[in-house]
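Chemist: Build the 3D model from these lines:
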Amino acid sequence: MRLSSLLALFRPALPLILGLSLGCSLSLLTVTWTQGDTDEPCGDGLVNGGLFAGNQGHNTKGGNRAGGGNEDFQPHIVPYYRDPNKLHKKVFRTRYIHTELGIRERLLVGILTSRATLTTLAVSVNRTVAHHFHKTFFFTGVRSPKIPHGMQVVAHGDDRPVWLMYETVRYLHQHFGGDYDWFYLAQDDTYTQAERLSQLVSHLSAGQDLYLGRAEEFIGGDERARYCHGGYGYLLSRSLLARLQPHLDTCRNDILSVRPDEWLGRCIIDSLGLSCVEVHQEMQYRYFELGKNADPEREDSAAFKNAFTVHPVSDPTLMYRLHKRFSQIELERTNLQIQQLQVQISNLSSLTPEGKAGATWPIGINSPFKPKTRFEVINWEYFTEEHIYSCIDGAPKCELRGADRADVTDVVETAVERLNEHYQPVLRFRKQRLLNGYRRFDPTRGMEYTLDLALEAFTQKGHSQVIAKRVGLLRPLSSIEIIPMPYVTEATRVQVILPVTAHEQDYVGNFLDMYVMNALDTHDNVLLTFLFIYEPFDAQRVSQNDVFSGIKSMIGEVEKRYADVKILWISVKTEVPSQVKLMDIISKKHPVDTLFFLASVWTEVNTDFLNRCRMNAISNWQVFFPIHFQEYSPAIVYRDQQPSVASSSAAESLKDGHFDRHVFEEACFYNADYMAARTKMAADILDNDEMLESMDVYEIFVRYSSLHVFRAVEPALVQKYVRRTCNPRFSEDIYHRCVLSNLEGLASRSHLAMALFEQEQANST
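Modeler: Predicted structure coming up:
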């Protein structure tokens, strides 16, 4: 009874059990057949015939049998052995990562010009399209007496066209053959649409020989052979240039031609068997032949609008007109693409979890910043057409001037223009005045504006009425541009120059203490030179009573403490300690590659600032004038408490003070840059002492140097409060800046107001 009940229970699963049993039995039987002992090698067709060919006949007996299979899957460990008796060279890493990885720039441009057109057509090419390419060279036969500014001109010494082409191709391969993937050559009477050419190159493979341009037939030659017309430009791949290099001398001697582009095409065909093509990998080289007396503004054909190059361009004015026309075409296409993308974003926004409300205005721009706490709220600035109610110095109201006034004017005009575009022809608006204006800078999207405008609205029938209209505008952040900068390092030695007068020697002790702690104790690569400035009376009595004897004794103590440290000093006698005169003396005593840090006795040297001095001062490129943080007078700021308690932490060191924009005493620059600017200045002043006394180093770099003068706040450069002595012998501008520095450095407006309020209360009682 029990057995029958069990059978009835398992009867539905009986087919499954029988199937599993049969499958396991067949599997065991198959394994027995295929893994039997045999002396024959594995006869797998993949091993013997194809995928791993060449690994047949492995011995599977004994120890080799355990390894089994193919040797390609067996690890081969190569032990590292270094001969102790052999000197090994130190491995130097490359300066840039793209050099180590073998990453090359995409395109180099070469423009073939002449002595007659170097200052006309070549200049127009340089001003219109050269800045869009990574590097552009202008090749000419004989150098012009006056080279236009900002152009890289290479003169080969021969005006013959074929010789110029030969030397140009040889120069490109010799100097840039391994640095660029593509080389574009064109004449100076060719207009090139830079963005389209760069886009074409980005879609082409650089690993194959290619000669791309407008294909032309040889006169009386083979009909199948073509050369690229030089007037419309042509592209040469790096691999083609490398293969062509050994044959250039032969082509120069054997091929006779008047046209340089025809000579190059014949050389490529005879040496490499390649002909000029107009289409490659479904990418077409588009060009347009400009007719005589053609007007670019009236050219509206598809061939013109889509062209990469236009030829011939007879004069610079036509080159600029072509550039303007193509810029308008690109701008129209860009605006059309933006509109299409906005429509797509608007249509897709309904599918998002937020729905249509998720598409914030303007479409395609990041949504406004949403603060998480009240400390992250971005403040709005209120302004009118004349004043702004958020001032740098903390004043409640100041005049709208400079860039702020231009910004407000532009925004108001843009608002009225957009309103007319939107409502015309039904309504036409004319601005009466700006009622209210608000703006704030959102770091996620740009500058936002809200304007209340009083507008006079005109209808089609001529009726008018004054209305108030609120509009919102956004000036979005444009695409980020990476500006190439020369290579700099934090290992550069800094030469600190400290001018000291007799009235300032009381502050030298604190300067030396900070220098010892932050430079000598940390073994920073810094040197210090004192410049003692003697007045004529003190200089006569230096043997009996040296006013700087105390400082010199402190220097001696530092040198005894640090045996490998030598602090130099230079003595100068002058009535007016002009920065320029002092730097002339220092500059002659140091090499041209010296990095100077011109300091003051109130400067507190530290590692953070020295590193920024090294990074921001770039030889033959940039000089650095930091804006230090000046602490306020403790007698006013800390009336009821000790200064040490109020600023006990480093985080509060920038609390009670301001960045002094009126002081230009600290500076970082290279000696070579100063000497170059000083040389240009010498022709203007002709050693006029009064002119030297009226100028400082900052003004010299601004007026007589083409370097970038970098002026920025420096939080690591903190100075204690001090009331400077303003020398009336200096120029009016320098003296005025000194007075303003003393006045603004006394205290903030709130501190001064509290001090006056307390004084009035004390007087009233």
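Chemist: which secondary structure element contains the residue nearest the centre of the chain?
Modeler: The structure's the chain has its C-alpha centroid closest to residue 483; by C-alpha atoms, centre = their mean the separation is 1.9 Å. Using DSSP states H and E, residue 483 sits in no helix or strand.
Chemist: Same question for the strand ranked longest in the chain: list its buried residues.
Modeler: Taking DSSP state E as the criterion, the chain has its longest strand at strand 427-442. By 16 or more other C-beta atoms under 10 Å, the buried positions in strand 427-442 come out as 428, 429, 434, 437, 439, 440, 442. All C-beta atoms are positioned from the backbone trio N, CA, C, and that covers glycine.
Chemist: got it, and stretch 295-303?
Modeler: Here stretch 295-303 shows 296, 299 as buried, counting by 16+ other C-beta under 10 Å.
Chemist: Ok, stretch 319-327 next?
Modeler: Neighbour count says stretch 319-327 has 319, 320, 321, 322, 323, 325, 326 buried, by 16+ other C-beta under 10 Å.
Chemist: give the contact list for the closest residue in space to residue 355 that isn't next to it in sequence.
Modeler: Nearest residue to residue 355 in three dimensions, chain neighbours excluded: residue 349, at 7.0 Å (C-beta to C-beta, 6 or more residues apart in numbering). Contact criterion C-beta atoms under 8 Å, 6 or more residues apart in numbering gives 355, 356, 358, 359 as the residues in contact with residue 349.
Chemist: Going by distance to residue 679, which of the buried residues of strand 427-442 wins?
Modeler: Nearest to residue 679, judged by C-beta to C-beta, of the buried residues of strand 427-442 is residue 439 at 45.8 Å.
Chemist: which residues touch residue 437?
Modeler: 382, 383, 384, 385, 408, 411, 412, 449, 450, 451, 452 are the contacts of residue 437 under C-beta under 8 Å, 6+ apart.
Chemist: From the buried residues of stretch 319-327, pick the one nearest residue 493.
Modeler: Using C-beta to C-beta, the buried residues of stretch 319-327 come closest to residue 493 at residue 323, 46.8 Å.
Chemist: how close does the residue nearest to residue 355 sit to residue 367?
Modeler: Counting by C-beta to C-beta, to the nearest Å, the separation of residue 349 from residue 367 is 12 Å.
Chemist: do the same with residue 191
Modeler: Residue 191 sits 42 Å away from residue 367, taking C-beta to C-beta as the criterion.
Chemist: So which of those two has more stuff around it?
Modeler: Set residue 191 next to residue 367 and count neighbours by other C-beta atoms under 10 Å: residue 191 wins out with 29 against 12.
Chemist: Surely that one touches residue 121?
Modeler: No. Counting by C-beta atoms under 8 Å, residue 191 does not reach residue 121; the two are 10.1 Å apart.
Chemist: burial of residue 151, as a residue count?
Modeler: Count around residue 151 with other C-beta under 10 Å applied: 19.
Chemist: Next, the contact list for it, please.
Modeler: So residue 151 contacts 122, 123, 126, 130, 138 (C-beta under 8 Å, 6+ apart).
Chemist: For PyMOL, what selects the buried ones among those?
Modeler: Selection of buried members from these for PyMOL, criterion 16+ other C-beta under 10 Å:
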select buried, resi 122+123+126+130+138
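Chemist: Export the contacts of residue 151 as JSON lines, with columns for secondary structure, pLDDT and distance to residue 613.
Modeler: JSON lines is the format used below for the contacts of residue 151 (DSSP: H, G, I helix; E, B strand; the rest coil; pLDDT from 0 to 100; distance: C-beta to C-beta, whole Å):
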{"residue": "122", "secondary structure": "helix", "pLDDT": "93", "distance to residue 613": "40"}
{"residue": "123", "secondary structure": "helix", "pLDDT": "93", "distance to residue 613": "38"}
{"residue": "126", "secondary structure": "helix", "pLDDT": "93", "distance to residue 613": "35"}
{"residue": "130", "secondary structure": "helix", "pLDDT": "87", "distance to residue 613": "33"}
{"residue": "138", "secondary structure": "strand", "pLDDT": "94", "distance to residue 613": "37"}
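Chemist: Out of the contacts of residue 151, the closest to residue 204 would be?
Modeler: residue 130 (21.5 Å).
Chemist: just checking, that closest one touches residue 136?
Modeler: Yes. The pair residue 130 / residue 136 is scored as a contact, 4.1 Å apart, by C-beta under 8 Å.
Chemist: Now the common contact residues for those two.
Modeler: Common neighbours of residue 130 and residue 136 (C-beta under 8 Å, 6+ apart) are residue 109.
Chemist: Kindly reformat the buried residues of strand 427-442 as a markdown table containing pLDDT and distance to residue 704.
Modeler: A markdown table is the format used below for the buried residues of strand 427-442 (pLDDT from 0 to 100; distance: C-beta to C-beta, whole Å):
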| residue | pLDDT | distance to residue 704 |
| --- | --- | --- |
| 428 | 92 | 53 |
| 429 | 93 | 50 |
| 434 | 95 | 43 |
| 437 | 96 | 41 |
| 439 | 95 | 38 |
| 440 | 94 | 40 |
| 442 | 92 | 41 |
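Chemist: out of those residues, which one sits closest to residue 161?
Modeler: For the buried residues of strand 427-442, the nearest to residue 161 is residue 442 (57.2 Å; C-beta to C-beta).
Chemist: The closest one and residue 365: what is the separation?
Modeler: 10 Å.
Chemist: Could I get the average pLDDT for stretch 168-179?
Modeler: Mean pLDDT, stretch 168-179: 91.
Chemist: just stretch 583-599 next, same as before
Modeler: 92.
Chemist: what comes up buried for that stretch?
Modeler: Quick answer for stretch 583-599 (16+ other C-beta under 10 Å): 583, 586, 587, 594, 595, 596, 597, 598, 599.
Chemist: Give me the contact list for it.
Modeler: 492-499, 511, 529, 531, 570, 572, 579, 605, 610, 613-614, 617, 619, 665-672, 674-675, 678, 697.
Chemist: which of those residues are buried?
Modeler: The neighbour count (16+ other C-beta under 10 Å) marks 492, 494-499, 511, 529, 531, 579, 605, 610, 613-614, 617, 619, 665-671, 674, 678, 697 as buried among the contacts of stretch 583-599.
Chemist: low-scoring pLDDT stretches of this protein, where are they?
Modeler: Low-confidence segments of the chain (pLDDT under 70): 1-10, 29-74, 78, 80-83, 86-102, 220-223, 393, 640-654, 685-690, 765.
Chemist: Now do the lengthiest helix in it: distance to the chain's middle.
Modeler: Counting residues, the longest helix in the chain under DSSP state H turns out to be helix 316-349. Averaged C-alpha coordinates place helix 316-349 at 25 Å from its chain's average position (C-alpha atoms, centre = their mean, to the nearest Å).
Chemist: Near residue 744, how many other residues are there?
Modeler: 16.
Chemist: Please report the distance of it from residue 484.
Modeler: Taking C-beta to C-beta, one finds residue 744 at 38 Å from residue 484.
Chemist: picking up where we left off before, could I get the buried residues of stretch 319-327 in a markdown table, plus columns for distance to residue 421?
Modeler: Compiled in a markdown table, the buried residues of stretch 319-327 are given as follows (distance: C-beta to C-beta, whole Å):
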| residue | distance to residue 421 |
| --- | --- |
| 319 | 32 |
| 320 | 28 |
| 321 | 27 |
| 322 | 28 |
| 323 | 27 |
| 325 | 23 |
| 326 | 25 |
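Chemist: Can you tell me which of the residues you listed is nearest residue 279?
Modeler: residue 326 (22.4 Å).
Chemist: where's the closest residue to that closest one other than its chain neighbours relative to residue 739, distance?
Modeler: Spatially, and ignoring its direct neighbours in sequence, residue 326 is nearest to residue 193 (5.4 Å; C-beta to C-beta, 6+ apart). As judged by C-beta to C-beta, residue 193 and residue 739 stand 56 Å apart.
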